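J.: fold the following and give me the result.
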Amino acid sequence: MPKVTYTSAAGDVSVLDGNAGDSVMEIAVRNGLPGIVADCGGSLACSTCHVFVREEDLEVLEPMSDLEDEMLDGTTEERRYNSRLSCQLKLEGDVHVYVETPESQV
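T.: Here you go, the predicted model:
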């Protein structure tokens, strides 16, 4: 079962379980986690599910697509080398991923 540890910009930590095939965004929204707005519902049409992925977790995730890379240019908080859109981070198996939510999404 996939697991995600979310740390807010204020330092609040939430650890949530997901199901195989869930995205980091879906797990957050389903559990009412603040910090991930997900205006487009995961259709890769906005950047309101921006997260910063822990460096060592980047290699266990699918590579970023060109469209995701382009969408990250529209985030409210400046993107970093580890910026990803959480709707594009599909989880399988027993992976445990750590992400930080930015201070603002909109």
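
J.: now the helices for this protein?
T.: 24-30, 66-71 (DSSP state H).

J.: could you pull out the buried residues of the first one?
T.: Neighbour-count burial for helix 24-30, counted by 16 or more other CB atoms under 10 Å, picks out 24-29. (C-beta placed from N, C-alpha, C; glycine too.)

J.: do stretch 37-52 as well
T.: Residues 37-38, 40, 42, 46-52 are the ones in stretch 37-52 that count as buried (16+ other CB under 10 Å).

J.: quick check: the two most widely separated of those residues?
T.: 40 and 52 (19.6 Å; CB to CB).

J.: show me the residue at the heart of the protein, geometrically.
T.: Nearest to the geometric centre of the chain sits residue 86, at 2.5 Å (CA atoms, centre = their mean).

J.: so that one touches residue 22, yeah?
T.: No: with contact defined as CB atoms under 8 Å, residue 86 does not reach residue 22; the gap is 10.6 Å.

J.: pretty sure residue 23 sits against residue 91.
T.: Yes: using CB under 8 Å, residue 23 is in contact with residue 91, at 7.1 Å.

J.: okay, those two: which has more neighbours?
T.: Between residue 23 and residue 91, counted using other CB atoms under 10 Å, residue 91 has the larger neighbour count: 24 against 21.
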